[in-house]
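Q: got a sequence here, can you build the structure:
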Amino acid sequence: TYNGRLGHLDVAPPRIQAEIVVDGKLDEPVWGQAARLTGFSLYAPVDGRPASDSTEVLVWYSAKAMHFGIRAFAEPGTVRASHGDRDKSYTDDYIGIFLATLGERRQATVFAVNPLGVQGDGIVVEGAQSGGGGFGGVQDGREPTDISPDYVFQSKGELTDFGYVVEVSIPFKSLQFGDAPKQSWGLNIIRKVQSRGEEHSWAPAKRSAASYIAQFGKLTDLQSLDRGLVLD
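A: Numbers count the residues shown, from 1 in each chain. Prediction:
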């Protein structure tokens, strides 16, 4: 278990060769072996406080993809979710996965899903002053997210009696990274709670910091990553 508020930010996810169905259930045995991320903090509208709702993120990877399972706990009737178009669901609750895969800690790829698995994605490049998007921007203490890129990934979610569950599988062919035999990537998970106007963050980031991405945690010791055939 990696508790963000306690500073346990270097995550060593297990590499497991397993086949799963991305259905938002998290009922395959492999999820019981995943690294577990807990201890979210409030990031917006103010930072530094414990998050008001509990969030649990499960992480593991196979030869070809990173896998995330999220259980988001909430009071009954407070979760906002709707079916809609890609990159159009940012008035809903959502989970955002930030991956800084290039090592320089200035750029991160973002994958988002609402509680029903509707997708959004984009890229944050610090100092680029790119156009805004659904993930907030400078007013939230970080650069705007450019939502024009569309990446291939799988997601599914469903509402539950305790809140919601979402499952995300990101193939390595959708990510840019170096050729080192062992990889270390920056990682942060955010959760938007629309009923409270809050954003929760696994890494206890400060809005006043010079860099948002530099405050991320890490996925460490990633190895034998198979991107397969990549075409542009």
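Q: residue contacts, residue 117?
A: When contacts are counted by Cβ atoms under 8 Å, 6 or more residues apart in numbering, residue 117 touches 24, 155, 156, 157, 158, 166, 167. In short, each C-beta sits where N, CA and C put it, glycine included.
Q: pLDDT below threshold where in this protein?
A: Scanning the chain for pLDDT under 70 picks out the ranges 128-140, 230-232.
Q: which stretches in it count as strands?
A: 2-3, 10-11, 35-38, 41-44, 55-61, 65-73, 94-100, 107-113, 119-125, 154-160, 163-171, 182-193, 198-201, 217-223 (DSSP state E).
Q: can you list the ones you listed in CSV and add distance to residue 87 and mean neighbour count?
A: Shown next, in CSV, are the strands of the chain (distance: least, Cβ to Cβ, whole Å; neighbours: other Cβ atoms under 10 Å):
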stretch, distance to residue 87, mean neighbour count
strand 2-3, 29, 18
strand 10-11, 28, 16
strand 35-38, 25, 18
strand 41-44, 20, 21
strand 55-61, 22, 22
strand 65-73, 19, 22
strand 94-100, 11, 24
strand 107-113, 9, 24
strand 119-125, 5, 22
strand 154-160, 13, 18
strand 163-171, 16, 22
strand 182-193, 14, 21
strand 198-201, 18, 23
strand 217-223, 25, 17
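Q: output these in JSON lines, with distance to residue 86 appended to each entry.
A: Shown next, in JSON lines, are the strands of the chain (distance: least, Cβ to Cβ, whole Å):
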{"stretch": "strand 2-3", "distance to residue 86": "30"}
{"stretch": "strand 10-11", "distance to residue 86": "28"}
{"stretch": "strand 35-38", "distance to residue 86": "26"}
{"stretch": "strand 41-44", "distance to residue 86": "24"}
{"stretch": "strand 55-61", "distance to residue 86": "22"}
{"stretch": "strand 65-73", "distance to residue 86": "18"}
{"stretch": "strand 94-100", "distance to residue 86": "12"}
{"stretch": "strand 107-113", "distance to residue 86": "10"}
{"stretch": "strand 119-125", "distance to residue 86": "5"}
{"stretch": "strand 154-160", "distance to residue 86": "11"}
{"stretch": "strand 163-171", "distance to residue 86": "14"}
{"stretch": "strand 182-193", "distance to residue 86": "17"}
{"stretch": "strand 198-201", "distance to residue 86": "21"}
{"stretch": "strand 217-223", "distance to residue 86": "25"}
